[in-house]
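[1] need a structure here:
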Amino acid sequence: MTQKIYLRSFGCQMNDYDSSRILDLMREEGYEAVEAPDDADLAVVVTCSIREKAQEKTFSDLGRLREMKKAKPDMLIAVGGCVASQEGRKILSRAPWVDVVFGPQTLHRLPALIAERRKTGRAQVDISFPEIEKFDHLPAPCAHGATAFVSVMEGCSKYCSYCVVPYTRGEEISRPLVDVLVECAHLAEQGVKELTLLGQNVNAYRGRGPNGTTVDFALLLEFVSDIPGIERIRYTTSHPKEFSDRLIEAYGYLPKLANHVHLPVQSGSDRILAAMKRGYTHDWYLDRVARLRAVRPDISIATDFIVGFPGETEEDFAETMRLIDEVGFDASFSFVYSKRAGTPAASLPDDTPQSVKLARLQHLQSVIEANATRLSEAMLGRTERCLVFGEARKGGGMLAARTDNNRVVNFAGDASLIGRMADIRITDVFPHTLGGELVCAGGE
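    This next block holds a predicted model:
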């Protein structure tokens, strides 16, 4: 009888990628994915520890799974991701009904850990850091639609003072060039048109080339761009310090590079940036943006902000707002600072009231949202080359596509367009989407 697996993922695109690879792995073990946990023989939770709220969601989820396991004692529960890496056996103390704990670098060992759990009756924990061994033990990826993620490197060596990633995912380690290209080509053969290259610090990629040389991220993008069938390339998450001149120049000669970049800045205050250990200044970041826009004048730039970092003053926050005005960010992932145990920032004095932090966050988000609306309105009447990725959320026979600058546009069209490129004229601007009409459908 076919075993059934339920998987829930929290957090970043790296976790989404890891989750898809877990499903690929477990399908080879005879498992079938199900949508409801109470239908499952194996429930897997892939966790995130970047913020406290995400971490607590994990244990809330595990509490619900505990009740299901009472009704179905043979059901196994596995916890992976960054909370697993950070907490290890402590998870078993807080949630003793968990059967397997595995880290981001040991997800390929999940079948063996499950087998050992069933054989011995004891919970299994493996949160070691065997670098990129996992990629050598995972099956070829299965494409699900016209877009796909490909992990090109793991870990981070920047050690920003607020961040747990170096402790949960380890130091930076890049996959060999050939391994990345084989995975990309395999996905392209399955109809994938748009690839998003992933890494905690993706533009720090330094992979081994076939002749033993080191390949940087700009050269990797060149190779991926040459793969037949790939129409568009995105990447995340990048670090400003690794946003090299060579990478900027690539935007001048690689038309497949999306006209959108996610370049997290976190703050506009030099004092706060130094306390965060980001390694750059307000003006240095502005210079990178200016160089990029000299090559791609209309590129859309998204970012991340941490509001209310310990010691942030009104003057520091004003510097952040000045940066927003100077850059004209298109979107942001913005959050109030969340103290993470074990990080240097966790011990910094913090006397700013939460209400003040929340007010700052709301103001920042409203300014960026207004800017995004203005930029969307500038697209009215333009014809955009888009990838049609599925049906629109609201249905009604509408389809959804993504523009080069990362906006979703809904339009009327036949379902045969899904998975294809299409030229769409922008006719409407809504709070979080665009409306459009089909001008011309692209090829397969």
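
[2] Next, count neighbours for the closest residue to residue 277 other than its chain neighbours.
    Counting by CB to CB, 6 or more residues apart in numbering, residue 277 lies nearest to residue 161, which is 4.7 Å off, once chain neighbours are set aside. Every residue, glycine included, has its C-beta placed from N, CA and C. When neighbours are counted by other CB atoms under 10 Å, residue 161 registers 17.

[3] Would you mind measuring from residue 161 to residue 202?
    21 Å (CB to CB, to the nearest Å).

[4] now the lowest-mean-pLDDT helix or strand in the chain: how far from the chain's centre is it?
    Least confident helix or strand, the chain: helix 133-137 with a mean of 78, by mean pLDDT, DSSP states H and E. Between the centre of helix 133-137 and the centre of its chain there are 20 Å (CA atoms, centre = their mean, to the nearest Å).

[5] what's downstream of it, the next helix or strand?
    Toward the C-terminal end, the helix or strand that comes next after helix 133-137 (DSSP states H and E) is strand 147-151.

[6] quick one, strands of the stretch 1-150 of the chain?
    Ranges of strands within the stretch 1-150 of the chain are 3-9, 31-33, 42-47, 76-80, 100-102, 124-126, 147-151, based on DSSP state E, counting those that start in this stretch.

[7] Looking at residue 427 now. What's its pLDDT?
    pLDDT, residue 427: 98.

[8] how about the nearest residue to residue 71, chain neighbours excluded?
    residue 38 (7.8 Å).

[9] count of neighbours near the closest residue to residue 140 other than its chain neighbours?
    Residue nearest to residue 140 in three dimensions, not counting chain neighbours: residue 186, with 5.3 Å by CB to CB, 6+ apart. Neighbours of residue 186 under the rule other CB under 10 Å: 17.

[10] now residue 170
    Using other CB under 10 Å, residue 170 has 22 other residues around it.

[11] what sits against it?
    When contacts are counted by CB atoms under 8 Å, 6 or more residues apart in numbering, residue 170 touches 105, 129, 131, 154-155.

[12] Next: residue 141.
    If you count contacts by CB under 8 Å, 6+ apart, then residue 141 has 20-21, 24, 148, 183, 186-187 around it.

[13] So what does it have for phi and psi?
    Here is the backbone geometry of residue 141 (degrees, to the nearest 10): phi -70, psi 150.

[14] Residue numbering should commence at 271 henceforth.
    Happy to do that; since the first residue is 271 now, the last one works out to residue 411.

[15] Check the gap between it and residue 373 for me.
    20 Å.

[16] what do you get for residue 510?
    Using CB to CB, residue 510 is found at 28 Å from residue 373.

[17] Helix, strand or coil: sort out the residue nearest to residue 653 when sequence neighbours are not counted for me.
    Among residues not flanking residue 653 along the chain, residue 695 sits closest, at 4.9 Å (CB to CB, 6+ apart). For residue 695, the assignment made with DSSP: H, G, I helix; E, B strand; the rest coil gives strand.

[18] Bridge partners for residue 695, pull those for me.
    Residue 695 has these beta-bridge partners by DSSP bridges: residue 653, residue 707.

[19] where do the helices sit along the stretch 371-520 of the chain?
    Ranges of helices within the stretch 371-520 of the chain are 380-390, 403-407, 435-439, 447-459, 487-495, 515-523, based on DSSP state H, counting those that start in this stretch.

[20] what residue ranges in the stretch 471-620 of the chain are flagged as low confidence?
    For the stretch 471-620 of the chain, no stretch has pLDDT under 70.

[21] can you give me the strands for it?
    Using DSSP E, counting those that start in this stretch, strands in the stretch 471-620 of the chain cover 476-478, 484-486, 502-506, 530-532, 570-577, 601-606.

[22] So the nearest residue to residue 578 once chain neighbours are set aside versus residue 579, what's the distance?
    Leaving aside its sequence neighbours, residue 578 sits nearest to residue 627 (CB to CB, 6+ apart; 3.2 Å). Remark: distance between residue 627 and residue 579 (CB to CB) = 9 Å.

[23] Which of those two has more residues huddled nearby?
    The neighbour count for residue 627 versus residue 579, taken as other CB under 10 Å, is higher for residue 579 (26 against 19).

[24] Can you pull the phi and psi angles for the closest residue to that one other than its chain neighbours?
    Excluding the flanking residues, the one nearest residue 579 by CB to CB, 6+ apart is residue 607, at 4.8 Å. Main-chain torsions, residue 607, degrees, to the nearest 10: phi -50, psi 130.

[25] Is it correct that residue 607 is in contact with residue 578?
    Yes. Applying CB atoms under 8 Å, one finds residue 607 in contact with residue 578, separated by 4.7 Å.
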